[in-house]
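Chemist: Got a predicted structure plus its sequence, pasted below:
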Amino acid sequence: MKKLVVFLPAHNEEGNIGHVIARIPREMGRDWTVEVLVVDDGSTDRTVEEARRAGANHVTSFPANRGLGAAVREGLAGCLRLGADVGLMIDADNEYPAAEIPNVIAPILEGRADYTMGSRFKGTIRGMRLHRRLGNVCFTLLQAILLRRVIWDGQSGMRGFSREAMTRAEIIHDYNYAQVLTLNLVRQGFVMEEVPITYQVRVHGQSFIKFRKYLGHVLPAIWREMRRPIAKRERQNAAEAVAGTRAAEPALRRAASTAPAEKERRYG
Ligand SMILES: Nc1nc2c(ncn2[C@@H]2O[C@H](COP(=O)(O)OP(=O)(O)O)[C@@H](O)[C@H]2O)c(=O)[nH]1
Ligand SMILES: [Mg+2]
């Protein structure tokens, strides 16, 4: 039996999170189980109650707000603790299509990729304002230049991970994860693929992004990430990777249980 864990980083999303969880496909064929994990980042509204009502299997709550980078780091660690073979993160604000999760993880299941991003710019975007589009294009272009490869949508809130990618991913700041995570995984040699998705701007609540604060946190973090020495992983072919997941399971579990504490110490 294999396991997909879908995780949602959430901060005050009582009006949205239930709709997202209700649309997560729970049937993936006979060999798969699907579980839903919510990382509640110090919400002060009914986010947790709504998530549980909609069928979330696991909820991790931070006592106070720590930031989206910290929440995604915790989501990846949670997937490993729960024994996920594949992890998928999706924003809790109902902008991304939970029904399209199978498409987004398909390249991982087929052994073509370790890390996937649901791409709004390869798919459809409804309602994104011009300044947000421009911001997205600029940050995506920056990542494409730094990694010397084509990227369509570097800020997607819907991403899939192989178990190995989740084990090795490092998010070096608490404020956000979007760019530094891709730079980190691709530079380690993980294969990234973008999958077109349909996107619809949120109808409840507000984006947390404030332009100056975002720039002030994200640009220095990209700089720091690019200056870090990165150890390249050994490329495995898909068959070896599947066999390796099983053989390495006890070690991976140990890594998963020590990783959060270690990462906590380093990025706090
Ligand atoms: N962990 C955490 N998540 C947040 C925070 N603010 C927003 N989020 C979540 O991050 C996701 C994306 O946030 P959003 O504000 O929509 O960003 P945008 O889509 O880039 O405009 C949503 O699931 C939010 O609930 C925060 O302070 N901490
Ligand atoms: Mg959003």
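Modeler: In hand now; what should we look at? Ligands and ions are numbered 1, 2, ... in the order given.
Chemist: residues contacting V36?
Modeler: Shown in contact with V36 (Cβ atoms under 8 Å, 6 or more residues apart in numbering): V5, V6, F7, L8, I21, I24, G55, A56, N57, H58. Every C-beta, even on glycine, is put in place using the N, C-alpha and C of the backbone.
Chemist: Now do the SS call for the fifth one.
Modeler: Read it as I21. Classification of I21 using DSSP: H, G, I helix; E, B strand; the rest coil returns helix.
Chemist: leaving aside the residues next to it on the chain, what's closest to it?
Modeler: With sequence-adjacent residues excluded and distances taken as Cβ to Cβ, 6 or more residues apart in numbering, I21 is closest to A54, at 3.8 Å.
Chemist: picking that back up, report the buried members of the contacts of V36.
Modeler: Using 16 or more other Cβ atoms under 10 Å as the burial test, the contacts of V36 include V5, V6, F7, L8, I21, I24, A56, N57, H58 as buried.
Chemist: Keep only those of those that are in helices.
Modeler: Using DSSP state H, the members of the buried ones among the contacts of V36 that fall within helices are I21.
Chemist: Which one of the buried ones among the contacts of V36 is nearest to ligand 1?
Modeler: L8 (6.4 Å; Cβ to the nearest ligand atom).
Chemist: ok, that closest one touching I17?
Modeler: Yes - contact between L8 and I17 holds when scored by Cβ atoms under 8 Å: they sit 6.6 Å apart.
Chemist: what residues do the two have in common as contacts?
Modeler: Common contacts of L8 and I17 (Cβ under 8 Å, 6+ apart): V38, A51, A92.
Chemist: Which of the residues you listed fall in helices?
Modeler: A51.
Chemist: just to revisit the earlier point, and the residue nearest to I21, what pLDDT?
Modeler: Confidence at A54, expressed as pLDDT, is 98.
Chemist: Please convert the contacts of V36 to JSON lines, extending it with distance to ligand 1.
Modeler: Formatted as JSON lines, those follow (distance: Cβ to the nearest ligand atom, whole Å):
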{"residue": "V5", "distance to ligand 1": "16"}
{"residue": "V6", "distance to ligand 1": "13"}
{"residue": "F7", "distance to ligand 1": "11"}
{"residue": "L8", "distance to ligand 1": "6"}
{"residue": "I21", "distance to ligand 1": "12"}
{"residue": "I24", "distance to ligand 1": "14"}
{"residue": "G55", "distance to ligand 1": "17"}
{"residue": "A56", "distance to ligand 1": "13"}
{"residue": "N57", "distance to ligand 1": "18"}
{"residue": "H58", "distance to ligand 1": "16"}
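Chemist: From ligand 1, how far off is Q143?
Modeler: Going from Q143 to ligand 1 by Cβ to the nearest ligand atom, to the nearest Å gives 15 Å.
Chemist: so what pLDDT did that residue get?
Modeler: As predicted, Q143 sits at a pLDDT of 98.
Chemist: Over to the one 3 residues further on?
Modeler: For L146, the model assigns a pLDDT of 98.
Chemist: Number of residues surrounding it?
Modeler: As a burial measure, L146 scores 17 neighbours (other Cβ atoms under 10 Å).
Chemist: so what's it up against?
Modeler: Contacts were defined as Cβ under 8 Å, 6+ apart; by that measure L146 touches L183, I222, M226.
Chemist: Mind telling me what element it is part of?
Modeler: Using DSSP states H and E, L146 sits in helix 130-147.
Chemist: Show me what counts as buried in that helix.
Modeler: Residues of helix 130-147 classed as buried: R132, G135, N136, F139, T140, L142, Q143, L146, L147 (neighbour count, 16+ other Cβ under 10 Å).
Chemist: Among the contacts of V36, which are located in strands?
Modeler: V5, V6, F7, L8, H58 (DSSP state E).
Chemist: Enumerate the residues of this protein near ligand 1.
Modeler: Applying Cβ under 6 Å from any ligand atom, we find that the chain lies next to ligand 1 at 9-11, 13, 41, 65, 67-68, 71, 91-93, 95, 157, 202, 207-209.
Chemist: if you set the cut-off to 5 Å instead, what comes out?
Modeler: With Cβ under 5 Å from any ligand atom as the criterion, the chain comes near ligand 1 at residues 9-11, 13, 41, 68, 71, 91-93, 207-209.
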